[in-house]
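J.: Give me the fold of what follows.
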Amino acid sequence: MSLRVGIAGHGVVGSRRHQCFDKNPDTTVVAVADQRFADSEPPKDVSAYPDYRSMIASEELDMVVVCLTNDVAADATIAGLEKGCHVFCEKPPGRSVAEIRQVREAELAHPGLKLKYGFNHRYHESVLEAKRVIESGTYGKIISLRGVYGKSQIITFGQSDWRTQRKMAGGGVLLDQGIHMVDLMRLFAGDFTDVHSFISNSFWGYDVEDNAYALMRTSDGVVAMLNSTATSWRHRFSLDITMERGAVLLGGILSGSKSYGAETLAIIEANPESDKGDPKETLIRYNHDPSWQTEVDDFVAHVRQDTPVDSGSSLDALRTMEQVFRIYYSDPEWRQFAAIDNPDA
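T.: As a prediction, the model looks like this:
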């Protein structure tokens, strides 16, 4: 029997997820909810609702997909779980660490249900290959990471200005986009215990940050440098991971905007005794992005096979959110603007 899916929020991301669930042979999208349907034509062949609550209350659903603004993401996730639905929620999981902790309480109260978060970058082919290379141990342990994720402004490509409003968004470029880089750094190196940061909104002047600079270290000495920025006039994604005998360099990311350049992975094989600082390099270029479909198919497989969510779980979401808010709180001047108490307090 096909799993019945309801999508809460049918903008750019919700529509894309709709396509992915349509392509999965085990799921059927039966309902969508979006406040815009009051003024625009809803998709055909599905039931349409003006808000997620009415959809969840009215439909017999097996899955709820949450593609809503940050201020209601956690509430919608909890509502789906309490209705007995498996839930797939886009990042970020909410506006604060406190909200994701509330979600985890609801999840624990419904142990038979699956909850997965859309940390889509984990499913890009370059990231998956980098993870395989690192885990092989060929180049030794990780020494350091250096990541930059930048766009030209906080509101891009026709996005709503809710992203500039702290009450709705919870944070700016770090929480909205930089969370992907934080999540990848955690994926590769684990949790960071020491954090120093500078947070700024000095250019765009909104009450959310347009730049975040962080220097972080794990308990076993792996150091990471991060810049999440909305003043990078050329959109940029790069993540360099240095190991004892080599490195992997992730550059560019395939996206709907096509503005981050070609997605590549460079594998560096270092030999300090002979390469004189110019080591052998293998470059892989990726021309297709199956990550959105792969991520949805992974979620559906966990539901069908009743297996634990092993990537993008609520624990992943909690740990990544805690890391994001450690970055906020490590800047004393920015601490007063943050939405929640220090997650380490």
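
J.: T69: neighbour count?
T.: Using other CB atoms under 10 Å, T69 is surrounded by 17 other residues. For every residue, glycine as well, the C-beta is placed using N, CA and C.

J.: from what I can see it touches W162, true?
T.: Yes - look at T69 against W162 with CB atoms under 8 Å: they come within range, at 5.4 Å.

J.: can you give me the strands in the stretch 101-250 of the chain?
T.: 115-118, 142-150, 192-200, 211-218, 223-229, 236-243, 246-251 (DSSP state E, counting those that start in this stretch).

J.: Out of the ones you listed, flag the one nearest A109.
T.: Minimum separation from A109 across the strands of the stretch 101-250 of the chain (CB to CB) falls at strand 115-118, 11.7 Å.

J.: Near the closest residue to E295 other than its chain neighbours, how many other residues are there?
T.: Using CB to CB, 6 or more residues apart in numbering and skipping residues adjacent in sequence, the residue nearest E295 is Y123, 4.6 Å away. Using other CB under 10 Å, Y123 has 21 neighbouring residues.

J.: Going forward, the N-terminal residue is numbered 26.
T.: From this message on, residue numbering opens at 26, which makes the last subject Y148.

J.: In stretch 30-49, which of the residues would be classed as buried?
T.: By neighbour count on 16 or more other CB atoms under 10 Å, the buried set for stretch 30-49 is 30-35, 38-39, 42-43, 45-46, 49.

J.: err, stretch 159-179, not the other one
T.: In stretch 159-179, counting by 16+ other CB under 10 Å, buried: 159, 164, 167, 169-176, 178-179.

J.: what about it, start to end distance?
T.: 33 Å (CA to CA, to the nearest Å).

J.: mean confidence for it?
T.: Per-residue pLDDT values over stretch 159-179 give a mean of 96.

J.: anything in contact with each of T94 and W187?
T.: Common neighbours of T94 and W187 (criterion: CB atoms under 8 Å, 6 or more residues apart in numbering): 193-194.

J.: Considering the buried residues of stretch 159-179, which is situated nearest to R344?
T.: The closest of the buried residues of stretch 159-179, once distances to R344 are taken by CB to CB, is L170, at 16.2 Å.

J.: burial count for the residue nearest to the closest one when sequence neighbours are not counted?
T.: Closest residue to L170 apart from its sequence neighbours, by CB to CB, 6+ apart: A249 at 4.2 Å. Counted with other CB under 10 Å, residues neighbouring A249 total 24.

J.: And for S79?
T.: Neighbour count of S79, defined by other CB under 10 Å: 12.

J.: now it: how far from A73?
T.: Per CB to CB, to the nearest Å, S79 is found 10 Å from A73.

J.: Now do the shared contacts for those two.
T.: Counting by CB under 8 Å, 6+ apart, the shared contacts of S79 and A73 are A58.
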